[in-house]
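Peer 1: Quick one, what's the 3D model for this:
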Amino acid sequence: MTVAGAGQLARDDGRNRTATVVAAVRGTGSLRLRAAQLALVLVALAAWSASLAHVDLTRIRDMGLITVLSPVTILALALLAAGVVWGALTDAPDWLLTGNLVAFAIGSHALGSILESQPALSVTWLHVGFADYVATTGRVDPGLDARFSWPGFFDLAAFLQLAAGVDLRRLAVPSHGFFAVLDLLPLAAIVRSLTRDRTVLWLSLLFFTLANWIGQEYLSPQALAYFFYLTILAMALTWFRRPAGRPGTAGSAPGTRTTPVQRGVLVGVGCLLVVATVVSHQLTPFMLVATLGALWIVRRLTSLTWVLVTGAMITGWLSYAAWPFVSGHLSELLATLGGLGSNLTSTVANRVSGSPDHQLVVALRLAYTGVLLAFAGAWFLRRWRLGHRELLLAVVGAAPWPLIALNPYGGEMALRAFMFALPAVAFMCAAAAAAVVRAIPNWARVIAVLAAACALTAAFILSRYGNERLDIMRPDEVRAVQAMYAAAPLGSVLFAPTGNLPWRYKDVTSYDYQSDLAITGGRADLGSLLTILTRGSHPAAFVILTRSEAAFEELLNGVTAPTWAAFESTIRGSGLFDVVYSGPDASVYRLRSRTT
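Peer 2: Numbers count the residues shown, from 1 in each chain. A predicted model of the protein is given here:
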C-alpha cells in the first residue's frame, strides 16, 4: 500500500469515528429529550391526581366545577396539553404522543366522572331506564318518548345488559372519557387524509379535545352517532376523496388506492354505519348527508353512494318507523322550518339566562367558541390570499350550520352544528397554531405555548363543566330515589319539581312521573302541588326534593335558595305528608290524604 493510500485510509477512519461520535451525541440528546418529555407527562399526571383528593363538591357554585378545583389541577392539564405541542414540534415517537394525548383527553373530559361516584346528568339515568325497558319488555314504545322512534342505541344497550350482564349505571360513569378518546381515532384518519404534516396532525387532535366542550360524550345516542359520523367522514376522505387542485392545499395528495373489491367492501361497511346512524339518532343523519352531499357538489368526493343511501334511509325511516312521531308533531316541525332568525335566537340568545354567574358562564362559552372560529377563519382567509382554496375544509366546517334553519332542536342546534364542524375547525386552528409557533424563537415559544395551554384549558374547564352544580347526581339523591321506589306501589304519582334527578332508571312506565310546578315560595305552591298529586286515580303520591333540583331552579329559573327552602318548609309544615326519606341532599314525602 502506498503512503498516499495509507493516509487516505487514516482520514476516512477519522471521519467515520467523528460521525459515530456525533451520532452517539445526537442519540444521547434524543434520549434525554424523550426522557424529559415522558417525565413531564408523569409529573403532570401525578400533580393532577394529587390535586383531586382535595376537591369538595359540596362547595360548588354557579360557575361550575372550576369553583372547587385547585389551580394545580388546571396547571397539570395545561402541562399535558403543552407536552403534546412539545412532542409534536420535536418529532416525538407516536407512543409518547399517544399516551400524552390520551392522558389529557381523559384528565379533561372524564374529570367530572372521576370526581363523582354516580353518573352525572339526569338524562343519563333516563337512558338507562329506556334500555332497561327494552331489555325487560323486548320492545320499544314510540308513544313513551320521541327517542324511541330512533331506538338503535337503546337496543344495543339492552343487548349489553342482557347478554353480558352489564350494569349500565356503572358503564355510564367512564363513558365521557371513553368517547373522548374513541373519537380521536377517526379524527386522526381524517387529518391524515388532508396533510402529511405530523405537527398539524397532533395539534388537530389536541385542538379537537380542547374545543369539544359541548359535553355529548355521556351514555347517549348522540355520543355513538357522532363516532359513526366521524368514521364515515374518515372513510370518505381516505378512500373516496378527489384530490384538490393546487399542491399544498389540504387534501391535495391522492387518496389511498383501492381495488374494486376493496371499494365494494368499504362502501358496504359505510352503508352499515349509515343505517346504524339513521336508526339511532334524529339529527346526525341530516348532518351526515349535508356534509357528504356538499363535498360531492364541490367535487371533492368520487362517489355519491353514501349520500344517496343516507338520504333514502332518512326518508324511509321518517315515513315508516318514525312516522307516528313525525305525524304527531308535524305542525311544530313545520312551524320552525326556515325560521333561521328565531331558531338562532332560541339556540344562542335565549341560553343567556338564569343566575348572574350562570349567565357569565354562557357568555364565556360563546366567547370561547367565537375565538376558536375566528382563529380558524383567520387561517382560512390567509390561505385564500396565498392562493390556496381550502374548499374541502370550508365545506366540512360550514355544512352543519344551515341546519339551524330547519329546527332549533330543543335550543341546542347551534351547539350541535359547532360540534359537527369541529373536524375542520380543529384542523384549521392546528395549522394556524403550528405556523405561529414555528415562527417564534425557542424561549419565547415555551412561554407562548404554556400561556396558551393554560388559557385554553381554563376556558375548556369553565365551558365544559359550567353546569356541573346541577349536573351532579349525588349518592344521597340516588339513595332517596331508591327509597321512593321501595315505598311507592306501582301506579303511584312520583313528583319532582324539575325532573333533574337520578330517577326513571327503571320502571319508566310503571309510575306516573310528574315535574311541572313553577315554584314561588308562597302558600299557593301547596295548592298547585296537591292538584297535581290528586289528579286521576293512583294508589299513592310521593314528592322528592333534591339538591340537584334546587340547583337547577336557581341556575336556570331564578328560584333562589330561600324560595326553595320555603317551598320545602311548606310541605313539611302542612301536616299532609309523611317523611319517607331525609338526607343531606334529598328528601322524600308521601301524601297522607287524597283530599285538600
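
Peer 1: only C-alpha atoms for contact and neighbour calcs from this point on.
Peer 2: Noted.

Peer 1: I figured Leu393 hits Ala421, correct?
Peer 2: No. Leu393 lies out of contact with Ala421 (CA atoms under 8 Å); the separation is 9.4 Å.

Peer 1: Could you report the neighbour count for Asp132?
Peer 2: 25 (other CA atoms under 10 Å).

Peer 1: In contact with it, which residues?
Peer 2: Counting by CA atoms under 8 Å, 6 or more residues apart in numbering, Asp132 makes contact with 158, 161, 505-506.

Peer 1: and what of Ser204?
Peer 2: Contacts of Ser204 (CA under 8 Å, 6+ apart): 191, 426-431.

Peer 1: which one among those gets closest to Val85?
Peer 2: Nearest to Val85 out of those is Ala430 (CA to CA; 10.1 Å).

Peer 1: Okay, the closest one and His109: tell me how far apart.
Peer 2: As defined by CA to CA, to the nearest Å, Ala430 lies at a distance of 20 Å from His109.

Peer 1: Compare neighbour counts for these two and give me the winner.
Peer 2: His109 (28 against 25).

Peer 1: Spatially, what comes nearest to the more buried one if we skip its sequence neighbours?
Peer 2: The shortest distance from His109 to any non-neighbouring residue, by CA to CA, 6 or more residues apart in numbering, is to Gly177 (5.6 Å).

Peer 1: pLDDT (mean, whole number) over the one helix or strand that neighbour maps to?
Peer 2: Secondary structure assigned from DSSP states H and E places Gly177 in helix 175-182. Averaged over helix 175-182, pLDDT sits at 95.

Peer 1: name the helices or strands packed onto it?
Peer 2: helix 94-109, helix 221-239 (3 or more CA pairs under 8 Å, 6 or more residues apart in numbering; DSSP states H and E).

Peer 1: Any buried residues in it, and which?
Peer 2: Judged by neighbour count using 16 or more other CA atoms under 10 Å, the buried positions of helix 175-182 are 175-181.

Peer 1: for the chain, what spans make up the strands?
Peer 2: 493-495, 512-514, 541-546, 577-582, 586-591 (DSSP state E).

Peer 1: Neighbouring strands - and their directions - for the first one?
Peer 2: Looking at strand 493-495 with DSSP bridges, its partner strands are strand 512-514 (parallel), strand 541-546 (parallel).

Peer 1: Dump those strands to JSON lines, plus mean neighbour count, distance to Leu69 and mean pLDDT.
Peer 2: Output for these, formatted as JSON lines (neighbours: other CA atoms under 10 Å; distance: least, CA to CA, whole Å; pLDDT from 0 to 100):
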{"stretch": "strand 512-514", "mean neighbour count": "16", "distance to Leu69": "35", "mean pLDDT": "94"}
{"stretch": "strand 541-546", "mean neighbour count": "25", "distance to Leu69": "23", "mean pLDDT": "96"}
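
Peer 1: pLDDT at the residue nearest to Val72 when sequence neighbours are not counted, what is it?
Peer 2: In space, Val72 comes closest to Ser51 once its chain neighbours are excluded; the distance is 6.2 Å by CA to CA, 6+ apart. On pLDDT, Ser51 comes in at 95.

Peer 1: repeat for Ala188
Peer 2: Reported pLDDT for Ala188: 97.

Peer 1: what's near enough to touch it?
Peer 2: 201, 205.

Peer 1: Can you give me the distance of it to Leu233?
Peer 2: From Ala188 to Leu233 the distance is 11 Å (CA to CA).

Peer 1: same deal with Leu462?
Peer 2: 30 Å.

Peer 1: now swap in Pro142 and tell me
Peer 2: Going from Pro142 to Leu233 by CA to CA gives 30 Å.

Peer 1: Looking at these two, which has the bigger crowd around it?
Peer 2: Comparing Pro142 with Leu233 by other CA under 10 Å, the one with more neighbours is Leu233, at 22 against 17.

Peer 1: The residue lying closest to that one once chain neighbours are set aside - how many residues pack around it?
Peer 2: Counting by CA to CA, 6+ apart, Ile190 is the residue found nearest to Leu233 once chain neighbours are left out, at 7.2 Å. Other residues near Ile190 come to 25 when the count uses other CA under 10 Å.

Peer 1: Could you do Val55 as well?
Peer 2: Residues near Val55, counting by other CA under 10 Å: 16.

Peer 1: Just list the residues touching it, thanks.
Peer 2: 68-70, 115.

Peer 1: Please apply the same query to Leu372.
Peer 2: 211, 425, 429.

Peer 1: Where does pLDDT dip in the protein?
Peer 2: Within the chain, the stretches with pLDDT under 70 are 1-29, 245, 329-330, 332-353, 593-596.

Peer 1: again, only this time at 80
Peer 2: 1-29, 244-256, 326-354, 407-411, 593-596 (pLDDT under 80).

Peer 1: Centre of the chain to stretch 521-539, how far?
Peer 2: Distance, stretch centre to chain centre, for stretch 521-539: 38 Å (CA atoms, centre = their mean, to the nearest Å).

Peer 1: can you tell me the distance between the two ends of that stretch?
Peer 2: Per CA to CA, stretch 521-539 runs 28 Å from first to last residue.

Peer 1: what's in contact with that stretch?
Peer 2: So stretch 521-539 is in contact with 489-493, 495, 514, 517-519, 541-542, 563-567, 570-571, 594-596, going by CA under 8 Å, 6+ apart.

Peer 1: Single out the most deeply packed of the helices and strands packed on helix 175-182.
Peer 2: Stretch with highest mean neighbour count among the helices and strands packed on helix 175-182: helix 221-239 (a mean of 22; mean count of other CA atoms under 10 Å).

Peer 1: ok, Leu490 - contacts?
Peer 2: Shown in contact with Leu490 (CA under 8 Å, 6+ apart): 510-511, 539.

Peer 1: need those residues in JSON lines with neighbour count, can you?
Peer 2: Below are those laid out as JSON lines (neighbours: other CA atoms under 10 Å):
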{"residue": "Ser510", "neighbour count": "13"}
{"residue": "Tyr511", "neighbour count": "18"}
{"residue": "Pro539", "neighbour count": "11"}
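
Peer 1: Name the member of the buried residues of helix 175-182 with the shortest distance to Val481.
Peer 2: Distance to Val481, by CA to CA, is smallest for Ser175 among the buried residues of helix 175-182, at 22.7 Å.

Peer 1: That closest one contacts Ser220, correct?
Peer 2: No. Counting by CA under 8 Å, Ser175 does not reach Ser220; the two are 9.2 Å apart.
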